[in-house]
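Novice: Have a look at this fold, sequence not included:
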Ligand SMILES: Nc1ncnc2c1ncn2[C@@H]1O[C@H](COP(=O)(O)OP(=O)(O)OP(=O)(O)O)[C@@H](O)[C@H]1O
Ligand SMILES: Nc1nc2c(ncn2[C@@H]2O[C@H](COP(=O)(O)O)[C@@H](O)[C@H]2O)c(=O)[nH]1
C-alpha cells in the first residue's frame, strides 16, 4: 500500500537518519544543526518514553501519553509510528510541515520500522544508516551515556543486533543499485560507520552538500 502524505515537493528533499540506538545519530545531527542552523530543521517526534535529564518538551520530543498518541494516530495525524524498546515513537505530519514551512531541510531521526513506513509515503527523503563500528563499542557508548536502565539497555542491544543484520543485506543492495544491475534499490542511500566522529560527520556533510547548496542558494534569491 502507498500512503500519500501530501508532503512531497514542498521545499528541499528531507533526510532520514536511522541506525541502532547509540550509533550516534543525535550526535551527528546536533553537529549538523549547529553548523547549518538555518539550513536544517529537526522533525520533532512524539514519544511515550520519559524525558531524560536535559531533554526539552517540544524541542527534543513531544512527550505524550500512550492514550493521547494513539488518539492522534487514529485521527490520521502521523506519517509513521513504531513501538521501540517498550515505548511508542512517531512522526506527525505537523512535525514535518513545520520544518518545510521554514523552507529548511527536514531531518528525521527514526528507527528501521519508521524507515520502512516512510518508504511507503511520497516524502522521498535521502536515507542514511548510521552504523556503530562494532556491537561491543555500541554497548560501551550506550552504557557510558548513562540514560538506560539495565532492562532498557538490553532491549536496545537486542534491537541493534536485528538492525545490523538487516542493514548488512541492505548495504549489499545499495551496492547492487550503484552498479545499475537492475536489482531493487536498497533501503539506504548511504551507510556511515561512526567510528571517528569527525570522519563520519564529513561523510554525512558530503552526501548532503548538494541539498545544502540548493537551500542556501534559494535563500539568496
Ligand atoms: N564517534 C563517536 N565516538 C565516541 N563516542 C561517540 C561517537 N558518536 C557518538 N558517541 C557517543 O555515543 C553515545 C550515543 O550517541 P547518540 O546519543 O548520538 O546515539 P543515537 O544513535 O542518537 O542514540 P538513540 O537512538 O538512542 O537516540 C553518546 O554518549 C555520544 O556522545
Ligand atoms: N519510528 C520512529 N522512530 C523514532 C522516532 N523518534 C525517534 N525514534 C527512534 O527511537 C529510538 C530510540 O530513541 P531514544 O531517543 O529513546 O533513544 C531511536 O532509534 C530513534 O531513532 C519516530 O518518530 N519514529
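Specialist: In hand now; what should we look at? Remember, predicted model here, so these are calculated numbers, not experimental data. Ligands and ions are numbered 1, 2, ... in the order given.

Novice: which residues does residue 25 contact?
Specialist: 17-19, 109, 130 (CB atoms under 8 Å, 6 or more residues apart in numbering). Where C-beta positions appear, they are placed from N, C-alpha and C, glycine not excepted.

Novice: please redo it, this time with the cut-off set to 7 Å
Specialist: 17, 19, 109, 130 (CB atoms under 7 Å, 6 or more residues apart in numbering).

Novice: residue ranges for the strands of this protein, please.
Specialist: Under the criterion DSSP state E, the chain contains strands at 15-18, 40-42, 46-47, 62-63, 78-84, 87-92, 105-109, 126-131, 190-193.

Novice: Say whether ligand 2 is contacted by stretch 97-109.
Specialist: Yes. Judged by CB under 6 Å from any ligand atom, stretch 97-109 comes into contact with ligand 2 through residue 109.

Novice: Identify the residues contacting that stretch?
Specialist: 7, 10-12, 14-17, 25-26, 29, 38-43, 91, 96, 125, 211, 215, 218.

Novice: quick one: buried residues of it?
Specialist: 97-100, 104-109 (16 or more other CB atoms under 10 Å).

Novice: circling back: of the contacts of stretch 97-109, buried ones?
Specialist: 7, 11-12, 14-17, 25-26, 29, 39-43, 91, 96, 125, 211, 215.

Novice: Give the burial count for the residue nearest to residue 91 when sequence neighbours are not counted, as a bare number.
Specialist: Ranked by CB to CB, 6 or more residues apart in numbering and with sequence neighbours excluded, the top spatial neighbour of residue 91 is residue 79, at 4.9 Å. Residue 79 sits with 25 neighbouring residues when counted by other CB atoms under 10 Å.

Novice: Surely residue 79 and residue 95 touch.
Specialist: No. At 8.3 Å, residue 79 does not count as touching residue 95 under the criterion of CB atoms under 7 Å.

Novice: Looking at the buried residues of stretch 97-109, spot the one nearest ligand 1.
Specialist: residue 109 (6.6 Å; CB to the nearest ligand atom).

Novice: The closest one pairs with what?
Specialist: residue 17 (DSSP bridges).

Novice: Can you check what pLDDT the model gives the residue nearest the centre of the chain?
Specialist: Centrality entry for the chain: nearest residue to the mean C-alpha point is residue 109, 2.3 Å, by CA atoms, centre = their mean. Looking at residue 109, its pLDDT is 98.

Novice: swap in the one 5 residues further on?
Specialist: Looking at residue 114, its pLDDT is 96.

Novice: distance of it from ligand 2?
Specialist: Computed as CB to the nearest ligand atom, to the nearest Å, the residue 114 to ligand 2 distance reads 3 Å.

Novice: how far away is that residue from residue 66?
Specialist: Plainly put, residue 114 is 17 Å away from residue 66 if you go by CB to CB, to the nearest Å.

Novice: Those two: who's more crowded?
Specialist: residue 114 (22 against 10).

Novice: Relative to residue 39, how far out is the more buried one?
Specialist: Taken as CB to CB, the span from residue 114 to residue 39 is 23 Å.

Novice: could you show me where the helices are in this protein, in order?
Specialist: Taking DSSP state H as the criterion, the chain carries its helices at 25-35, 66-74, 93-101, 112-118, 135-145, 150-178, 197-220.

Novice: need those in CSV with distance to residue 84, can you?
Specialist: Compiled in CSV, these are given as follows (distance: least, CB to CB, whole Å):
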stretch, distance to residue 84
helix 25-35, 13
helix 66-74, 13
helix 93-101, 17
helix 112-118, 7
helix 135-145, 14
helix 150-178, 7
helix 197-220, 23
